[in-house]
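1. Following is a predicted model, sequence given first.
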Amino acid sequence: MASNTNLQYKDLTPAQNLDKKTLNKMAWRSLFLQGSFNYERMQAAGWLYGIIPGLKKIHKDKADLSTSMQHNLEFFNTHPFLVTFVMGIVLSLEQQKSDVNTIRAVRVAAMGPLGGIGDAIFWFTLVPIAAGISANMAINDHSILAPIVFLLMFNVVQFGVRYWLMHWSYSMGTSAIEKLTRNSREFTRAASILGIMVVGALTSLYGGTTLALTIPNGESPIIIQDVLDGIMPKLVPLAITLFMYYLIKKHNWSAVKCILLLLVLGLVGARIGLF
């Protein structure tokens, strides 16, 4: 369905600032951004659900509220953990009763750069660190608290970022876009490098796959794993990691397929005495 480019507000008097309770409520509702995800408008329904408490306080005229809801139901897609950054900016424009086409343009401009930034912060850095710490607790200490620690570490950060961005971007308005994206490429690259270093360290520290092969040699059999350790410790986990990377990068394998392959290799290898 084509969007109506002639939408305009009737009441152009700026509204009062939104209170903290409303901003916090919208930050909480942003958790449901992808609750009605579809391939026509992506996250649009969840986006409108998230900001509608603010829109109702800004637009007292029902016609203006309807207009705002219409253009906020247009195509929308951004990083789900950083969506409140866009919410704050759009709501500041809605409060000033800016031109609808201006709000549309800013919404699109704000949602674009967040994908790479969010992936670098959460998937490439936070998740490996939290998973590494909690996995170590589960493997070495057999602690039932390991999954709880992982969930706490991840959610404390993502909730903190979510709520902080909601308030910061609302107070900054459109200038928040320039401040966030000024060094976004360098920041994303640095976070990605950090994430790769963390994954490499986790592979070295917690990679436990060893070979069980031995070569008969009288009273002193040759243990293949000892030979490999003499060349490079953790060589087998490194080889497996690089092999998974090769399958993902060159053959477009998904993470699920890699996990299933590792499961099969582990079961078969243990059965035949390879691992």
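-> Everything's here; your move.
2. all contacts plus neighbour counts: C-alpha atoms, from now on.
-> Will do.
3. mind exporting the helix or strand that contains residue 22 as PDB, just the C-alpha atoms?
-> Assigning secondary structure by DSSP states H and E places residue 22 in helix 20-29. Once side chains and other backbone atoms are set aside, the C-alpha atoms of helix 20-29 remain, and they are given as PDB (Å, rounded to 0.1, in the frame of the first residue of the first chain):
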ATOM      1  CA  LYS A  20       9.700  10.400  32.600                       C
ATOM      2  CA  LYS A  21       7.000   7.900  33.400                       C
ATOM      3  CA  THR A  22       5.700   8.000  29.800                       C
ATOM      4  CA  LEU A  23       9.200   7.700  28.300                       C
ATOM      5  CA  ASN A  24      10.000   4.700  30.600                       C
ATOM      6  CA  LYS A  25       6.700   3.100  29.600                       C
ATOM      7  CA  MET A  26       7.600   3.400  25.900                       C
ATOM      8  CA  ALA A  27      11.000   2.000  26.500                       C
ATOM      9  CA  TRP A  28       9.400  -1.000  28.100                       C
ATOM     10  CA  ARG A  29       6.900  -1.400  25.200                       C
END
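4. Show me what that helix is packed against.
-> When contacts are defined as 3 or more C-alpha pairs under 8 Å, 6 or more residues apart in numbering; DSSP states H and E, helix 20-29 packs onto helix 44-58, helix 146-172.
5. what's the most buried one of these?
-> Ranked by mean neighbour count under mean count of other C-alpha atoms under 10 Å, the helices and strands packed on helix 20-29 are led by helix 44-58, which reaches a mean of 21.
6. any idea of the mean pLDDT in that helix?
-> Throughout helix 44-58, pLDDT has a mean value of 94.
7. which element follows it toward the C-terminus?
-> The C-terminal neighbour of helix 44-58 among helices and strands, as given by DSSP H and E, is helix 62-71.
8. TSV please, covering the helices and strands packed on helix 20-29 and showing distance to residue 198.
-> Converted to TSV, the helices and strands packed on helix 20-29 look like this (distance: least, C-alpha to C-alpha, whole Å):
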stretch	distance to residue 198
helix 44-58	33
helix 146-172	16
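9. Select, out of those, the one closest to residue 92.
-> Each of those was checked against residue 92 via C-alpha to C-alpha, and the shortest separation belongs to helix 146-172, namely 5.5 Å.
10. What ranges in the chain fall below the confidence cut-off?
-> 1-5, 174, 176-188, 190-192, 194-195, 206 (pLDDT under 70).
11. Swap in 50 and give it another go.
-> Where the chain drops to pLDDT under 50, the residues are 1-2.
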